[in-house]
Structures are given as structure tokens and as C-alpha cells.
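J.: no FASTA, just this:
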Ligand code: GTR
């Protein structure tokens, strides 16, 4: 073998064995601020969980002026209608509230399987961040895999959806001065809620209605979102313990993606806070360029969903979202489930495109393809709910 071919062979080997990016110096999940190891559910719920929640509200997503307003009311926006060839009842519900400065309302759609008459149906609430007419059409003239309501109903789940822009506008220049923000305050302070928090609040208000509807099983409801909606679904799952599952699709930076891992093709905090300043509280800008110095990270937000279920998904061609960062958070959050005697993510290696890891209470799947929410993703979320016995 000549010298040149040895060098070439070595080069090939190095390419094959090039180390995959690994998390580094990840802040400790299971140790309190005062340095004590969390050893019980009680310690987690009384000390560590509130500490972590405080960190996220103060530094990243902002604080809400209100949870469920006393004025919250529901009314049918249209008469109920049997649709989907007799397989579902459609309800259109208006949620309204009154804040000290303004009143507001929005309408969401629910398709409930007719079989729910025998046993209340579990279901999923989609936070739709794409154009409503094309993606969550209540008339089902336009259909989209983003919300495959027919397929969801066929599997025995109720399909609910609302448009995020109806709660608060997705406007980087708006500075949270419209929508639900404006019902409680004029302008914003360093730690007041951003748009992600407002949209997650909207999902909780839909769940408030689910609790009133006898055809639905509110104890088995997931919140689903993609991309900015995925960040929102994770926040909703962390902040509202009534959600039995958070389905966090291609959520990327400031969603499920860990920051303490070098993924140069993925979005940074500097980029996201510049392009979408309204998604977060203003304090979050302080962390731009400081990913590896932060003493908190997104696996901690995932852990706030414990002991309930969380399903994290990536797409194989979605480097911007940082697939290995999303997977790493699922793994690193798992000790929170162990405290409850449950398994988190059961996995010893990063999955191949098309594979899902659903043995524990934390699910991860890698869909082949680009950044999107598709029927493939929905089927994995429903497989996971099936496995957890939601239709028992
Ligand atoms: C991108 C943004 C991502 C992601 C996405 C989306 O432009 O950089 O964080 O949330 O938008 O919501 O579609």
C-alpha cells in the first residue's frame, strides 16, 4: 500500500468514526440550587420543580398576569353538526374573557367521535401556527396533514384545534401590544409574558372547556404543536399539569432542543431573540451567545412535564431545529420520571429515520423528511397514547 492510499484510507476511517455531537457541561437537573440531590417526589415537587419553573418564567417565557380568568365563558358559536360521514360530531365553541383593559374571544373547533357517547373520548388539542383556512378548516373542504382530523377521529380520538393568532398575534414588531396581552397590560416589562406563553394559555383555556364536556375524557388529553407551536406545546405541558401529554413537534431552539450541545447548523438564542423578540420575555435576550454558560437548559422544561407523558419529535432533514439536541433533552430529562418510579426515554442510541422510541413515558421519534407536522407524526403521537392505555 502506498503512502497516499494509507492517508486516503485513514481519512475515510476518520470520516466514518467522526464523533457525533455530545452534550457538554449540562446543568444538573436533579440537584437543587442549594446543592442538595433530589431523592424523592416530595422534594422534586416542593423544591426543585418550583425552582425550575421560576427560572423559565423569569428568564425565558415571561410571567402571566392571569391563569383562568374569572370572567371566562364558553358558548356554542354554531349549532352542532354531524360530519365525516356520520363518524364525528363537530362543535364550534367561542371562548371569551374580560380583562381590566379589554375583552376578547376566539373560536375553536372540536371533532368528537360519535363513539364518545359510549365512553368519553380522549383527544388532542392542536395549537395551529399555520394559516387556519388551509390547515384547520372546520368544513373539511380543505384538508391538510397538519391536522388530519378524519384520521384522528378514525383512531378513536377527538381532534380539537385553534389558531394561535386568535389569542395573540405572531408579530415580531407588535411587541405584545395586542391580543390577550393587551387585555391585562399596556406595553411590557422585562419579565412579562411573550407570545409563546399567551398561545400556551390559549391551549389551557380550550382544556378548561374540555373539562365541561361530558363526551370528552379531560384526563386523557394531549396538547400538540409544531415548530413555534411545538415550543408552545412544551410550555403548555410544563405549566398546566392537567395535560396528560405534550406532543412537541420539530420544536428546536427554545423548545425541546438542548443548548449545551454544539450544533452549528441549528438556530441560536441570538438569532431567535432577534428574529422573534415577541415570543419570549425581554430578559431572554441576555442569554444570546451564552448557551454554554447558562445554568439552565431546555431538558429542564421537558422534565417539568413529569410524571405525565411527553413526545418529542424531529425530522431527519431539519438541522435548523437540531435533532440531536431535541433527542438529548428527552434523555437528560428522564431522571425526573425515575423519581416517580417511571421510565423516561428508553433508548441507547439516536434512532434512524423512521424509528420511534416509545417504551417509557418519554417518546422520541425521528421522521424521515423536512420540517413539518405530518400524518406520520400524528400516528406516532396516537401510537404513544394507545400504548399508555388512553382508550382502555
Ligand atoms: C423559524 C424559527 C424556528 C421555528 C420556525 C417555525 O423561522 O427560526 O424557531 O419555530 O420558524 O415556527 O416555523
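T.: Cool, got the structure. The shown structure was predicted, so the numbers you read here are calculated from the model rather than taken from an experiment.
J.: what ranges do the helices span in the chain?
T.: Secondary structure of the chain (DSSP state H): helices located at 3-17, 41-43, 49-56, 132-135, 149-154, 179-184, 195-210, 228-239, 269-275, 298-303, 323-333, 335-339, 375-387.
J.: Tabulate the ones you listed (JSON lines), appending mean neighbour count, mean pLDDT and distance to the ligand.
T.: From N, CA and C alone the C-beta is placed, and that goes for glycine too. Listed next are these as JSON lines, based on neighbours: other C-beta atoms under 10 Å; pLDDT from 0 to 100; distance: least, C-beta to the nearest ligand atom, whole Å:
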{"stretch": "helix 3-17", "mean neighbour count": "9", "mean pLDDT": "47", "distance to the ligand": "30"}
{"stretch": "helix 41-43", "mean neighbour count": "14", "mean pLDDT": "98", "distance to the ligand": "33"}
{"stretch": "helix 49-56", "mean neighbour count": "16", "mean pLDDT": "98", "distance to the ligand": "17"}
{"stretch": "helix 132-135", "mean neighbour count": "16", "mean pLDDT": "98", "distance to the ligand": "13"}
{"stretch": "helix 149-154", "mean neighbour count": "21", "mean pLDDT": "98", "distance to the ligand": "21"}
{"stretch": "helix 179-184", "mean neighbour count": "22", "mean pLDDT": "97", "distance to the ligand": "17"}
{"stretch": "helix 195-210", "mean neighbour count": "25", "mean pLDDT": "98", "distance to the ligand": "10"}
{"stretch": "helix 228-239", "mean neighbour count": "29", "mean pLDDT": "99", "distance to the ligand": "3"}
{"stretch": "helix 269-275", "mean neighbour count": "16", "mean pLDDT": "98", "distance to the ligand": "6"}
{"stretch": "helix 298-303", "mean neighbour count": "28", "mean pLDDT": "99", "distance to the ligand": "12"}
{"stretch": "helix 323-333", "mean neighbour count": "26", "mean pLDDT": "98", "distance to the ligand": "12"}
{"stretch": "helix 335-339", "mean neighbour count": "20", "mean pLDDT": "98", "distance to the ligand": "25"}
{"stretch": "helix 375-387", "mean neighbour count": "20", "mean pLDDT": "98", "distance to the ligand": "14"}
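J.: if I pick the closest residue to the ligand within the stretch 1-150 of the chain, what's in contact with it?
T.: Among all residues of the stretch 1-150 of the chain, residue 129 sits closest to the ligand, at 5.9 Å; criterion: C-beta to the nearest ligand atom. Taking C-beta atoms under 8 Å, 6 or more residues apart in numbering as the criterion, residue 129 is in contact with 164, 170, 199, 225-229, 232.
J.: closest to residue 110 out of the helices of the chain?
T.: Taking C-beta to C-beta as the measure, the helices of the chain were each checked against residue 110, and helix 195-210 came out nearest at 8.2 Å.
J.: quick check: angle from the closest one to helix 49-56?
T.: Calculated by axes from the mean of the first three to the mean of the last three C-alpha atoms, to 10 degrees, helix 195-210 forms an angle of 130 degrees with helix 49-56.
J.: For helix 195-210, which helices and strands make contact with it?
T.: Judged by 3 or more C-beta pairs under 8 Å, 6 or more residues apart in numbering; DSSP states H and E, the packing partners of helix 195-210 are strand 88-98, strand 103-113, strand 121-128, strand 158-163, helix 179-184, strand 216-226, helix 228-239.
J.: what's the spacing between the second one and its chain's center?
T.: In this case it means strand 103-113. Centroid displacement of strand 103-113 relative to its chain, using C-alpha atoms, centre = their mean, to the nearest Å, is 20 Å.
J.: So which residues on the protein come close to the ligand?
T.: Taking C-beta under 6 Å from any ligand atom as the test, the list of the chain residues beside the ligand reads 129, 227-228, 252-253, 267, 272.
J.: Could you rerun that using 5 Å?
T.: Taking C-beta under 5 Å from any ligand atom as the criterion, the chain approaches the ligand at residues 227-228, 252, 267.
J.: Wait, residue 195 touches residue 177, no?
T.: No: when contacts are counted by C-beta atoms under 8 Å, residue 195 is not listed as touching residue 177 (11.3 Å).
J.: Which of the helices and strands packed on helix 195-210 sits closest to residue 144?
T.: Evaluated over these, closeness to residue 144 peaks at strand 121-128, with 9.6 Å, by C-beta to C-beta.
J.: That closest one to strand 88-98, inter-axis angle?
T.: Using the same axes, to 10 degrees, strand 121-128 lies at 60 degrees relative to strand 88-98.
J.: Which elements pack onto strand 121-128?
T.: Using 3+ C-beta pairs under 8 Å, 6+ apart as the contact criterion, the secondary-structure elements in contact with strand 121-128 are strand 103-113, strand 158-163, helix 195-210, strand 216-226, helix 228-239.
J.: can you do 6 Å?
T.: Secondary-structure packing of strand 121-128 (3 or more C-beta pairs under 6 Å, 6 or more residues apart in numbering; DSSP states H and E): strand 158-163, helix 195-210, strand 216-226.
J.: Need the residues that contact that strand.
T.: Residues external to strand 121-128 that are found in contact with it (C-beta atoms under 6 Å, 6 or more residues apart in numbering): 112-113, 135-136, 147, 157-158, 160-161, 163-164, 199, 203, 206, 216-217, 220-225, 229, 232, 390.
J.: Then stretch 161-168?
T.: Counting by C-beta under 6 Å, 6+ apart, stretch 161-168 makes contact with 106, 108-109, 126-129, 132, 136, 147, 179-181, 195, 198-199, 202, 206, all of which sit outside it.
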